[in-house]
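Engineer: sequence isn't available, so here's the structure alone:
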């Protein structure tokens, strides 16, 4: 019996009284199923998204693109965000790398659009701001 199993058995005995080996096995099976949300690839992508949004300029850009509900050029974003065009381009590049925005070249202009991931994150955060 591993240390984790011994501790789990003690916990279950505290919670349900008379703990049987089947109770421990059942709970371990439930915890194994729950552990699937900790997929390393998924966690890495989600942490990258959160890290990308943990910068005020990048977060403002995402909010603007979500609110625009369409494409915006760097020059349009630069008119609304107090940062250099170079800083905005760098921020947009990181947002693109993490899947929060898409970009396409239209002649000499590069246009950006929020992805569904960005819309979902901003929508969630809007809900937390009004949920008291």
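Structural biologist: Received, thanks. The structure presented is a predicted model; accordingly, all values stated were derived computationally and were not measured.

Engineer: so how far is the helix or strand where residue 86 lies off the chain centroid?
Structural biologist: Mapping residue 86 onto the secondary structure by DSSP states H and E places it in helix 85-97. In terms of CA atoms, centre = their mean, to the nearest Å, the centre of helix 85-97 is set 18 Å apart from its chain centre.

Engineer: the helix or strand following that helix packs against which elements?
Structural biologist: Stepping forward along the backbone from helix 85-97, the first helix or strand reached (DSSP H and E) is strand 101-106. Helices and strands touching strand 101-106, as assessed by 3 or more CB pairs under 8 Å, 6 or more residues apart in numbering; DSSP states H and E, comprise helix 56-68, helix 85-97, strand 109-114. Glycine gets a C-beta too; all of them are placed from N, C-alpha and C.

Engineer: rerun at 6 Å
Structural biologist: With contacts defined as 3 or more CB pairs under 6 Å, 6 or more residues apart in numbering; DSSP states H and E, strand 101-106 has these neighbours: strand 109-114.

Engineer: tell me the spacing between residue 56 and residue 83.
Structural biologist: Going from residue 56 to residue 83 by CB to CB, to the nearest Å gives 9 Å.
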